[in-house]
Structure formats: structure tokens, C-alpha cells
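A.B. asks: Only the shape, not the letters, is given here:
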């Protein structure tokens, strides 16, 4: 199920918890230290587009559902 099927504009942490993943699991998948992932989770703007897409794909969401809000013109 895609994230957009049931909600819009969720936080990265909410997306991760919905998929029952730990910060360590996401960090391992990305090949980064868990502290680096925590920084991304605390401040989505820290993520590169490539990282955002990789995280969203791993969690089963479209990256703009997690990394951009409805007011963003970047995701349109």
C-alpha cells in the first residue's frame, strides 16, 4: 500500500513507525551511521534528494509525501 492511499504530509518518523522500522534499520539500508539518519529525521531538509527518494522507497511512500508539505511548490 502506498502512503498516499491513507494520509498526506506525514513526518519521516511517522512513516518509519508505520512501517515498523527502527532508525538503525533505515540507517543500515542507506549505509550511513544511525546518528546521521537521526539528523535527517529531526530535520528533513538535511536529506539530499537521492537520500529522500531512497528512504521513501524503502518505507513504501512517495518521497514528496514525507519530505515536502502541501504548501511546497518543489513537489508540484
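C.D. replies: All right, it came through fine. In this text, all values refer to a predicted model and were calculated from it rather than measured experimentally. Residues are numbered from 1 along each chain as shown.
A.B. asks: who's in contact with the spatially most central residue of the chain?
C.D. replies: Centroid-nearest residue in the chain: residue 12, 4.3 Å away (criterion: CA atoms, centre = their mean). Going by CB atoms under 8 Å, 6 or more residues apart in numbering, residue 12 touches 40, 41, 44, 55, 66, 67. All C-beta atoms are positioned from the backbone trio N, CA, C, and that covers glycine.
A.B. asks: Can you read off the backbone torsions of it?
C.D. replies: Dihedral angles of residue 12 (phi, psi; degrees, to the nearest 10) stand at phi -60, psi -40.
A.B. asks: Give me the residues contacting the longest helix along the chain.
C.D. replies: Longest helix in the chain by number of residues, with DSSP state H as the criterion: helix 49-59. Helix 49-59 is contacted from outside by 3, 12, 15-16, 18-19, 21, 26, 29-30, 40, 44, 47, 62-63, 65-67, using CB under 8 Å, 6+ apart.
A.B. asks: Name the next helix or strand following it along the chain.
C.D. replies: Next along the chain after helix 49-59, taking DSSP states H and E as the criterion, comes helix 63-67.
A.B. asks: ok, back up a step: the contacts of residue 12, buried ones only, as a ChimeraX selection?
C.D. replies: Of those, the buried ones go into a single ChimeraX selection, burial set by 16 or more other CB atoms under 10 Å:
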select :40,41,55,66,67
